[in-house]
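Engineer: next one to model:
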Amino acid sequence: MFDMKQIKKRMKALEVLIQETRDRLPAHSTKPPVMMELLDYEDEYEALMKQLDAFNTKE
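Structural biologist: Model prediction:
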C-alpha cells in the first residue's frame, strides 16, 4: 500500500496520461488499444481515489 503523498503523485501523473490518451482518441472509429489504455488509466485512478478516501476516513 502506498502513502498519501505517493497516491497523490500517481494521481497527478494519471490525470496527464488520461488527458493525453483522450486527445489521441479520434472523433470516430475509436481504436480498441487506445480505448483499453484509457480504461486502464481510469480504473487505476479510481482505485487510487478509493485508497485516498480510506486514508481520509482514518484521520
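
Engineer: residue 17: what's it in contact with?
Structural biologist: Residue 17 makes contact with residue 41 under the criterion C-beta atoms under 8 Å, 6 or more residues apart in numbering. The way it works is simple: take the backbone N, C-alpha and C, and place the C-beta from them, glycine included.

Engineer: which SSE is it in?
Structural biologist: Per DSSP states H and E: residue 17 is located in helix 4-24.

Engineer: for the residue most central in space within the chain, phi and psi?
Structural biologist: Among the residues of the chain, residue 45 comes closest to the average C-alpha position under C-alpha atoms, centre = their mean, at 3.0 Å. With angles defined as degrees, to the nearest 10, residue 45 sits at phi -60, psi -40.

Engineer: now do it, the pLDDT please.
Structural biologist: pLDDT recorded at residue 45 is 97.

Engineer: can I assume it is in contact with residue 13?
Structural biologist: No. Counting by C-beta atoms under 8 Å, residue 45 does not reach residue 13; the two are 9.8 Å apart.

Engineer: the residue nearest to the centre of the chain - nearest residue in space that isn't next to it in sequence?
Structural biologist: Nearest non-adjacent residue to residue 45, counting by C-beta to C-beta, 6 or more residues apart in numbering: residue 14, 4.6 Å away.
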